[in-house]
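Enquirer: Show me how the following folds:
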Amino acid sequence: MPGEAFAFDPDNANPATCATSPPGSNGQGIPLTATPTPAVEFIIERQVGVSWVQVHYQAQNTPAYCAFTGSVVCLTHDLGSGEWPDTTPINTGLHRMKARVKRDDEGVASEWVSVNFYIDPMPTATPSLTPSNTPTASPTPSPTATPSATPTATCAGYSLTGFNGSSNDIWWTLTNGGATAVTIIGIDLEWTVSGSLNKIELDGADIWSAGDPSSPANITSGWTGVSRLFNPTVSKQLRFHFDNSVGGNNFTVTVHFDNLCDVTKSDGA
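Expert: Residues are numbered from 1 along each chain as shown. Predicted coordinates for the structure are as follows:
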């Protein structure tokens, strides 16, 4: 799988008009050093239900801007390895690759650009069609389909309630209404007013404090080591701290659990 972005700053390439055509040279107007954030970043996400879960992140500071590292020529990634570069398992289904300039020479980020793609299983699955000609195989789909409703019913028990916002903080009550213990593996947060997310707390303890200067924040790594485990019927406060007042913002949060369940909530402060 290849991945590469051509990036430049229009006000450097075409100062009179800031036009994107004709394009500048790759990297024109984008600082070559990573202070304080990378120049260009890539995110690959997998669709799980109605949500997107991050499976790969790559920061690049010099051209060529590569989703899987490289310099003059971008490296490709072997999907047959079964893992993304950070050892996250590769799954079949709909994916998307997103890229953006995180900061140009004025410190301004670009919008995300993305492309969707589908990872199919290997053709070795084709022989499984052979048994369908025998009468004994015909009932197989019925019992197979029945358990598929189980995750839906289980996932329905998770909730985000009791939204509040004060000063630089917002918070919800996150409840595990399922029958088994789960662990938070990812949190997505979008907000509408400029500002930076500094940290996330779970019941008063910092579970993430890496900081993200812009919305949306897609958090799947950088955890502090504090437990993110939820036992059945347990509720905990999920709090987000910003470096600015949260007043006038609209927020959408999605919490991803390790059993592939998600819970999403939108509220305004």
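
Enquirer: Give me the neighbour count for the nearest residue to Glu4 once chain neighbours are set aside.
Expert: In space, Glu4 comes closest to Cys74 once its chain neighbours are excluded; the distance is 4.5 Å by C-beta to C-beta, 6 or more residues apart in numbering. Backbone N, C-alpha and C define where each C-beta goes, glycine included. The local packing of Cys74 (other C-beta atoms under 10 Å) involves 18 other residues.

Enquirer: now Asp206
Expert: 16.

Enquirer: What's opposite it in the beta bridge?
Expert: Here Asp206 sits in beta bridges with Glu201, as judged by DSSP bridges.

Enquirer: Tell me which residues touch it, please.
Expert: Applying C-beta atoms under 8 Å, 6 or more residues apart in numbering, we find Asp206 in contact with 199-200, 224, 226.

Enquirer: How is this protein partitioned into domains?
Expert: Residue ranges for the structural domains of the chain, counted by automatic domain parsing, are given in the record as 4-119, 156-268.

Enquirer: would you turn the ones you listed into TSV with mean pLDDT?
Expert: Rendered in TSV, the data for those read as follows (pLDDT from 0 to 100):
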stretch	mean pLDDT
domain 4-119	89
domain 156-268	88
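
Enquirer: what about the residue positioned nearest the centre of the chain, distance to Val72?
Expert: Nearest to the mean C-alpha position of the chain, counting by C-alpha atoms, centre = their mean, stands Gln54 at 3.5 Å. With the distance defined as C-beta to C-beta, to the nearest Å, Gln54 ends up 28 Å from Val72.

Enquirer: The residue nearest to Glu4 bridge partners, please.
Expert: Taking DSSP bridges, one obtains Gly70 as the residues bridged to Cys74.

Enquirer: how much space between it and Val115?
Expert: Where Val115 is concerned, Cys74 sits at a distance of 15 Å (C-beta to C-beta).

Enquirer: same deal with Asn176?
Expert: The span separating Asn176 from Val115 equals 35 Å under the rule C-beta to C-beta.

Enquirer: And for Val101?
Expert: Distance, Val101 to Val115, using C-beta to C-beta: 16 Å.

Enquirer: quick one on the thing from earlier: which one among the contacts of Asp206 gets closest to Val182?
Expert: Proximity of the contacts of Asp206 to Val182 was ranked by C-beta to C-beta; the top entry is Val226 with 15.8 Å.

Enquirer: In contact with the closest one, which residues?
Expert: Contact analysis of Val226 by C-beta under 8 Å, 6+ apart lists 202, 205-207.

Enquirer: now, which of these sits nearest Ser266?
Expert: Here the nearest of these to Ser266, counting by C-beta to C-beta, is Leu202; it sits at 20.2 Å.

Enquirer: Tally up the residues packed near that closest one, please.
Expert: Using other C-beta under 10 Å, Leu202 is surrounded by 21 other residues.

Enquirer: Nearest spatial neighbour of it, chain-adjacent residues omitted?
Expert: By the measure of C-beta to C-beta, 6+ apart, the closest residue to Leu202 outside its immediate chain neighbours is Lys236, 5.5 Å from it.

Enquirer: Surely that neighbour is in contact with Trp171?
Expert: No. Contact criterion C-beta atoms under 8 Å: Lys236 and Trp171 do not qualify, at 10.2 Å.

Enquirer: could you point out which element follows the host helix or strand of Met97?
Expert: Secondary structure assignment for Met97, by DSSP states H and E: strand 93-101. Scanning forward in sequence from strand 93-101, with DSSP H and E defining helices and strands, the next element found is strand 113-119.

Enquirer: Tell me the strands beside that next one, with direction?
Expert: With DSSP bridges as the criterion, the sheet partners recorded for strand 113-119 are strand 93-101 (antiparallel).

Enquirer: before we move on, the earlier item: mind checking which of Asn176 and Val115 has more residues around it?
Expert: Neighbour totals were compared for Asn176 and Val115, and Asn176 leads with 22 against 10 (other C-beta under 10 Å).

Enquirer: I'd guessed that one sits against Thr233; true?
Expert: Yes. Contact between Asn176 and Thr233 holds when scored by C-beta under 8 Å: they sit 6.8 Å apart.

Enquirer: What separation do you get for Leu229 and His241?
Expert: Distance, Leu229 to His241, using C-beta to C-beta: 22 Å.
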